[in-house]
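**Q** any chance you can model this:
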Amino acid sequence: MIVMKNLMNNKTVCFTGHRPSKLKGYFPEDNKQLLWEIHDCCVHLIENEGVGVFINGVALGVDQWSAKIILKLKEKYPHIKLISAVPCLDHSSKWTEDSKKDWQEIIDCSDEVRYVTEEKFTPYCMQKRNEWMVDNSDIVVSVWDGSSGGTNNCVQYATKNKKRVINIWKKEYGK
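**A** As a prediction, the model looks like this:
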């Protein structure tokens, strides 16, 4: 795939962050402060730093919430694009029906969908998705509390590859 930023002369951002179990739960209304922080960060990046492409990993929590924020921001900034990077073929298969519905809505509304692997779910496919997102981005926006796990691995990979990381974590976002 040719990275869209090269075609559009825009910077690209990807998101990484915790699942709802490390945040204030599964409901966006319980995480309003965090969602406004993501929103404000995205507006700043669009208006002040030339960002026009956003990549999300479509996982529960920060990934899906940031994707929905970008889809809403497209109403004000119709030039921005959303790419959904799906880690594996059965990514949402074990989720609740409501979560599957949200996942499908994001996929359907994305400007581009990229299946990073053609395998069934493994932790490795999640890491491959994260690497793909970082490799195709200029900036990584993270919601990371410093703990180990997939978000940590993504931030470390970004740092190793000299990508700018904006971590918007605040302790009140977690449990």
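
**Q** and the longest helix along the chain, what other elements does it pack with?
**A** In the chain, with assignment by DSSP state H, the single longest helix is helix 32-49. Helices and strands touching helix 32-49, as assessed by 3 or more CB pairs under 8 Å, 6 or more residues apart in numbering; DSSP states H and E, comprise strand 11-17, strand 51-56, helix 62-73, strand 139-143. Using the backbone N, CA and C atoms, a C-beta is placed for each residue, glycine as well.

**Q** so what touches it?
**A** 11, 13, 15, 23-24, 28, 51-52, 54, 62, 65-66, 69-70, 73, 77, 80, 139, 141, 143, 166, 168, 170, 172-173 (CB atoms under 8 Å, 6 or more residues apart in numbering).

**Q** any weak-confidence spans in the protein?
**A** In the predicted model, the chain carries pLDDT under 70 at residues 1-9.

**Q** partners of residue 51 in the sheet?
**A** Bridge pairing for residue 51 (DSSP bridges) gives the partners residue 11.

**Q** and residue 104, how many neighbours?
**A** Applying other CB atoms under 10 Å, we find 12 residues neighbouring residue 104.

**Q** and it, which of the three is it?
**A** Of the three states, residue 104 takes helix under DSSP: H, G, I helix; E, B strand; the rest coil.

**Q** quick one: contacts for it?
**A** Counting by CB under 8 Å, 6+ apart, residue 104 touches residue 92.

**Q** give me the distance between it and residue 49.
**A** Separation of residue 104 from residue 49 (CB to CB, to the nearest Å): 31 Å.

**Q** now residue 140
**A** 13 Å.

**Q** looking at the two, which is more packed in?
**A** Neighbours per residue, other CB under 10 Å: of residue 140 and residue 49, the larger number sits with residue 140, 25 against 14.

**Q** surely the more buried one and residue 16 touch.
**A** Yes: proximity of residue 140 to residue 16 meets the contact threshold set by CB atoms under 8 Å, at 6.2 Å.
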